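Q: How does the following fold in three dimensions:
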Amino acid sequence: MKAIISVLGGDRPGIIAEISGCLYRHNLNILDITQTILSGYFTMVMMVDLAGMNVSYAEMTAALNELGEKLGLEIRMQRSEIFDAMHRL
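A: Model prediction:
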């Protein structure tokens, strides 16, 4: 199973390291990643593989929410099939 993780917030050093570290600790694999800075705002979208995840989906979502609060970012994770259905024309 795959998921899309989106990140938005003020830019600062260490954002990618903090988020990728969290994913590593919970055994998620980053399959694809794109990030940019838009007028001082950090934006990132990742596709991750959940197959080896060592916590439940709800626990992973909670861990990302907690990290987002700590870093002052909005971090969202959606299962890829839900993301695809929402964005199908």
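
Q: only C-alpha atoms for contact and neighbour calcs from this point on.
A: Fine.

Q: Note down every partner strand of whichever strand or helix holds R76 and its orientation.
A: Per DSSP states H and E, R76 falls inside strand 73-79. Each strand paired with strand 73-79, and its direction, by DSSP bridges: strand 2-10 (antiparallel).

Q: Going along the chain from the strand it pairs with, find the next helix or strand for me.
A: That would be, after strand 2-10 and using DSSP H and E, helix 15-25.

Q: Report the mean per-residue pLDDT for that next one.
A: Per-residue pLDDT values across helix 15-25 average out to 97.

Q: so what does the helix or strand just after that helix touch, helix or strand wise?
A: Where DSSP H and E defines the elements, the next helix or strand beyond helix 15-25 is strand 29-38. In terms of contacts (3 or more Cα pairs under 8 Å, 6 or more residues apart in numbering; DSSP states H and E), strand 29-38 is packed against strand 41-49.

Q: pLDDT weak spots in this protein?
A: Regions of the chain meeting the criterion pLDDT under 70 cover residues 81-89.

Q: Right, I'll leave it there.
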